[in-house]
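1. Here you go, sequence then predicted model.
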Amino acid sequence: ISFLLILIFYIFAVMFTSLFKETSQQHMDPDYFGRLDKSLFSLFQFLTMDWADAARQTMAFHPAAWIPFVIFVCISGFVVFNLIVGVLCEALAVLSENNDDIQDEYSENGTTLTGHHKERLDALSSSVATVIQRQDEIQNLLESLSNELMQG
């Protein structure tokens, strides 16, 4: 996922530099897209959802400039969101494994989980399944969006 984010940043940085270089150098303060390094920095700034000023300044000279801005913000937002969900799923999976180990230990000792512990374990298992399902849905959405962008 990190490699994908770096690749997206590089592709969009080259695109923004080639599309808006002259406009940025001559008419914009600060110069958002004059060089590749400035474009990469600007894209990182856009990832934090601080892109409105640059978009407005660029749209003053290129009315259709909002299209690559919105595409970049959507794609990078989905990738970062997917990264966060992946980390949460991993943490919940480890937590679930620990609870399974505890349940196995109770079974080996001849004791059983109390009703309260059993309810908590079932709730945790349900939460893990829901998060994994959401991550799969996001991954499918990212793949379909990527396919549409590649075709269109």
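-> Great, that's in hand.

2. Next, the buried residues of stretch 18-38.
-> Neighbour counts using 16 or more other Cβ atoms under 10 Å place 19, 20, 21, 23, 24, 28, 31, 32, 33, 34, 38 of stretch 18-38 among the buried residues. For the C-beta atoms, the positions are set from N, CA and C on the backbone; glycine is no exception.

3. This protein: strands as residue ranges?
-> For the chain, applying DSSP state E gives no strands.

4. residues in contact with the spatially most central residue of it?
-> Central residue of the chain (Cα atoms, centre = their mean): residue 80, 1.8 Å from the mean position. With contact set as Cβ atoms under 8 Å, 6 or more residues apart in numbering, residue 80 has these partners: 5, 47.

5. And the average pLDDT for the lengthiest helix in the chain is what?
-> For the chain, the longest helix by residue count, based on DSSP state H, is helix 66-108. The pLDDT scores in helix 66-108 average 82.

6. just stretch 117-125 next, same as before
-> For stretch 117-125, the per-residue pLDDT averages 76.

7. So which bits of it are buried?
-> For stretch 117-125, by 16+ other Cβ under 10 Å, it's residue 121.

8. Using PDB, write out the CA atom coordinates for it.
-> Extracted in PDB, the C-alpha atoms of stretch 117-125 (Å, rounded to 0.1, in the frame of the first residue of the first chain):
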ATOM      1  CA  HIS A 117     -16.200 -13.300  28.900                       C
ATOM      2  CA  LYS A 118     -17.900 -15.300  26.300                       C
ATOM      3  CA  GLU A 119     -20.100 -12.300  25.300                       C
ATOM      4  CA  ARG A 120     -17.000 -10.100  25.000                       C
ATOM      5  CA  LEU A 121     -15.200 -12.600  23.000                       C
ATOM      6  CA  ASP A 122     -18.200 -13.000  20.600                       C
ATOM      7  CA  ALA A 123     -18.500  -9.300  20.300                       C
ATOM      8  CA  LEU A 124     -14.800  -8.900  19.500                       C
ATOM      9  CA  SER A 125     -15.000 -11.700  16.900                       C
END
